[in-house]
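Student: My questions concern the predicted model and sequence given below.
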Amino acid sequence: MDYWTTLYVFMLATFIGLGVIRRVSRLLHTPLMSLTNAISAIAVVGAILIAGGDGPLRFRILGAIAVFASMTNIVSGFLITDRMLRMFKTDKSGPGTGA
Amino acid sequence: MMSGVGQFGYLVASALFIFALHWMNAPRTARRGVYAGAAGTTLAVLVTWADPSVIHHLWIIGALIVGFIVGVPLSRVPLTAVPQRTALSHAFGGAAAGLVGTAEYYLRLVEQPSFLTPFRMVALVAEIILGYLTLTGSLMAAGKLQEVKWVPQRPVIYPFQNVINFFLFGIAIVLAGAIAWNPTTPWAPVVFAVIIVLALLFGVLLIIPIGGADMPTVIAILNSYAGLSAVAMGFVLDNKLLITAGALDGSSGLILAIIMCKAMNRSFTNVLFGAFGQVQQAKGPTEERVYKSETPEGAAQVLEQANSVVIIPGYGMAVAQAQHKVRELYDQLKKRGISVKFAIHPVAGRMPGHMNVLLAEADIPYTDLVEMDEINPDMPQVDVALVVGANDVVNPAARTDKTSPIYGMPIIDADKARSVFAIKRSKNPGFAGIDNALYFSDRTWMLFGDAKNVIGELVKQLAGPGMH
């Protein structure tokens, strides 16, 4: 069975995640959370396959609701993360350019 | 099965997500991370949509448009409302995973029962349990943070609470096991529905005993669950992009939760099952102690004489929306050549990094936001520590009083500064309901009132004539 491959992917991605997230600046923990939230809204992929598939209408509606919920997270997640990050600046620099 | 082009698109999207998080390691590169993440998501949506199995487009287009319309205003909320917005988005993420899992099961049951292998069934059940639990749990958390009327703010405790929770969870696991190997027996669809109800119920029960001070940890844990439900969906659909993105989100939530727990000297289980906010007993000679209060005029005079000032913000600053006034105070003090730093406790506020975002919004340079561990060694040399709506994170009982519920929690050593001013809305104890010894110290003067008004008064005094 191919599920061993997916389990490997999960393990390796978790290690990468732990390694990368550990180095995220503590200043940015709130934007980090909204960013990861937007990224995990990639569940939209599964939702699109259901909503656009050839199943009965009631399942496609469930899928469409899931597309809606994910899309809301994608749009609001990336926009609010960017909005927050623009606010982080050093003393002299203009918006968003940072140090 | 996806085409090669589709798979390649997923591969690139996965790499973009890893870069997105990598660039978050410094404020200078962080915005690049947002663009990488948005590009990865767009790419993934496009290649999925182009898949030949997607034959109906109207519902997708409609859902994307409505999602866009709802998403834009949700990204414009005031920054003080970011914790509840985040909780709400975890709820949306959980809902999406739960709904996809539900549709997937009932659809395959009719059309392709051979798809429902034990491995996929375990993943499916994990997906819906995590998804629906995150949905109701996050809605409860958002309700608590938003202080919605019908959601109890204080922790709700009843006898055998943990026993009942574990019992319900146990039932869900047993049922899950039962249908994992019998996904097509006549009673399986009913059992699946029962598991959904249990997960929804469990999410509510998990959050009602949790108090406001524990919200940063709980939000981080829910963040992790939302990610893990996407991983489970990835297992069901054999989709490595979902697994990668979900694992990144899951590990992010996990690390944040660990940082929050460490910052409170508590364990995961203690946060989830400890019902923190409730364990406050009236003890000790509290009625004996007196605090000194000071007027803004007096405090302004002391501040003006200081060489170094450390401002310690807490949730009270967020509630009073005082960050812009704090900025004015910062400007006034800086103008006089006084060194001003902000001491940030990891759990100050209602979510990880909450204070940093509020202060950044008020245009305070992030180079002046200092973490607890870095600023504590300097605290004895600080002339004035100004506590703005923080309470437990500056309570010296955490160091000295073994009977205190917060004993062992690392704190910002405000009490070691040469003098302390504490702005507090009322004379009641803080959210955790614990008396704060700092307020009774002989170096501490209380400034009672709304943080925004008090700081406004301080600014007025410093800016006004006769103070130069």
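Tutor: All right, it came through fine.

Student: what's the burial count for the residue in the stretch 351-468 of chain B that chain A sits nearest to?
Tutor: Closest approach between the stretch 351-468 of chain B and chain A, counting by CB to the nearest CB: B:Gly353, at 3.1 Å. For glycine as for every other residue, the C-beta is placed from the backbone atoms N, C-alpha and C. Look at B:Gly353: counted by other CB atoms under 10 Å in any protein chain shown, it has 28 neighbours.

Student: how would you label B:Leu386: helix, strand or coil?
Tutor: The three-state assignment at B:Leu386 reads strand, by DSSP: H, G, I helix; E, B strand; the rest coil.

Student: my read: it touches B:Ser308, true?
Tutor: No: judged on CB atoms under 8 Å, B:Leu386 makes no contact with B:Ser308 at a distance of 11.3 Å.

Student: residues contacting A:Ala38?
Tutor: Applying CB atoms under 8 Å, 6 or more residues apart in numbering or on different chains to A:Ala38 gives the contacts A:73-74, A:76-78, A:81, B:37-38, B:41.

Student: and the nearest residue to B:Ala180 once chain neighbours are set aside, what element?
Tutor: Closest residue in space to B:Ala180, ignoring its immediate chain neighbours: B:Met121 at 4.1 Å, by CB to CB, 6 or more residues apart in numbering or on different chains. Under the criterion of DSSP states H and E, B:Met121 resides in helix B:118-146.

Student: Could you do B:Leu333 as well?
Tutor: Judged by DSSP H and E, B:Leu333 forms part of helix B:323-335.

Student: Tell me where the stretch 201-350 of chain B has strands.
Tutor: B:292-293, B:308-313, B:339-344 (DSSP state E, counting those that start in this stretch).

Student: Buried deepest among those strands, which one?
Tutor: Comparing the strands of the stretch 201-350 of chain B by mean neighbour count (mean count of other CB atoms under 10 Å in any protein chain shown), strand B:308-313 ranks first with a mean of 25.

Student: ok and it relative to strand B:384-388, angle-wise?
Tutor: Here strand B:308-313 runs at an angle of 20 degrees relative to strand B:384-388 (axes from the mean of the first three to the mean of the last three CA atoms, to 10 degrees).

Student: So what are the sheet partners of strand B:308-313 and their directions?
Tutor: strand B:339-344 (parallel), strand B:384-388 (parallel) (DSSP bridges).

Student: Please put the alpha-carbon coordinates of the longest one into PDB.
Tutor: So the one you mean is strand B:339-344. The C-alpha trace of strand B:339-344 is given here as PDB (Å, rounded to 0.1, in the frame of the first residue of the first chain):
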ATOM      1  CA  SER B 339      15.200  55.300  27.400                       C
ATOM      2  CA  VAL B 340      11.900  53.500  26.900                       C
ATOM      3  CA  LYS B 341      11.500  49.800  26.400                       C
ATOM      4  CA  PHE B 342       8.500  47.500  26.400                       C
ATOM      5  CA  ALA B 343       8.700  44.200  28.300                       C
ATOM      6  CA  ILE B 344       6.600  41.600  26.500                       C
END
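
Student: can you list contacts of that strand?
Tutor: Residues contacting strand B:339-344 (CB under 8 Å, 6+ apart): A:26, B:307-313, B:330, B:333-334, B:355-356, B:359, B:364, B:368-372, B:375, B:385, B:412, B:414.

Student: roughly how far is it from the heart of the chain?
Tutor: How far strand B:339-344 lies from its chain's middle: 23 Å, per CA atoms, centre = their mean, to the nearest Å.

Student: do stretch B:38-55 and chain A meet?
Tutor: Yes: residues of stretch B:38-55 contacting chain A under CB under 8 Å from any CB of the partner chain: B:38, B:40-41, B:44-45, B:48-49, B:51, B:53-55.

Student: Many thanks, have a good one.
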